[in-house]
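In: The following block contains a protein sequence and its predicted model.
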Amino acid sequence: AQKITQTQPGMFVQEKEAVTLDCTYDTSDPSYGLFWYKQPSSGEMIFLIYQGSYDQQNATEGRYSLNFQKARKSANLVISASQLGDSAMYFCAMREGGGGYQKVTFGTGTKLQVIP
Amino acid sequence: DVKVTQSSRYLVKRTGEKVFLECVQDMDHENMFWYRQDPGLGLRLIYFSYDVKMKEKGDIPEGYSVSREKKERFSLILESASTNQTSMYLCASSRAGEGRRGTEAFFGQGTRLTVV
């Protein structure tokens, strides 16, 4: 079964608009972490934002925020005021396990294209 | 800055060859991971390791093995390369920790492997 599901293979957004990229996850581990990464066409993986399963507040990092709905098992990424440089692949990832043992799995990604 | 270095950027191997992909990190991270990335499939976890000599199968371990004799080095081995192993291979490392920021994965630049 897929642990991380990203249902939007591709999305378009107008420059300066906000966009939400969906991510749902599946785990029975009570302690887990959720991450979003950006992969531009250059191929590097850039960490954007993190949400811990016990965090009470939604994470924010500049223009990025994570809409964490624990009961729904969703962790959507919201990018505000989109810029042309935001055009990239975006991956949601989940870390399971605590302390030493940690397994990190990724979704299939969403390709975001920002239109001028 | 954390650095994760993969030994080759591009590699071409013949079917049936034994292939070694090397990954070295310089931040004393406990966890190391090998993924393969294919279009439409995202990043799929092959193997991961949370300590020296410790290894765990990921979601697609068939046809691969790994070695971690030193903390900083994690090797992926294709026992007998096949054409369906043509892919981009990404190595990553992360610090151990639970429910804390700063435990995101850092990635190498990737190895584009072609098996002919």
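Out: That came in fine, so what should we check first? Predicted, not measured: the structure shown is a model, and the values here were computed from it.
In: what about the chain, any weak spots by pLDDT?
Out: Looking at chain A here, since you left the chain open. Applying pLDDT under 70 to chain A flags residues A:1, A:98-100.
In: my question was about chain B
Out: Chain B contains residues with pLDDT under 70 at B:1-2, B:98-102.
In: longest single strand anywhere in it?
Out: Here the longest strand in chain B is taken by residue count, with DSSP state E as the criterion, and it is strand B:42-51.
In: and it, is it in reach of chain A?
Out: Yes: Strand B:42-51 is in contact with chain A by CB under 8 Å from any CB of the partner chain, via B:42, B:43, B:44, B:45, B:48, B:50, B:51. In this view, the C-beta of every residue, glycine as well, is placed from N, C-alpha and C.
In: hmm, who's touching that strand?
Out: For strand B:42-51, contacts defined as CB atoms under 8 Å, 6 or more residues apart in numbering or on different chains pick out A:6, A:91, A:93, A:100-109, B:30-38, B:55-61, B:64-66, B:68, B:71, B:74, B:76, B:90, B:96.
In: What is the burial count for residue A:29?
Out: Around residue A:29 there are 12 other residues, counting by other CB atoms under 10 Å in any protein chain shown.
In: Could you pull up the residues touching it?
Out: By CB under 8 Å, 6+ apart, the contact list for residue A:29 reads A:96, A:97.
In: For residue B:92, see how far away the residue minimising distance to the centre of chain B is.
Out: For chain B, the residue whose C-alpha lies nearest the mean C-alpha position (CA atoms, centre = their mean) is residue B:34; its distance is 2.4 Å. In this structure, residue B:34 and residue B:92 are 8 Å apart, going by CB to CB, to the nearest Å.
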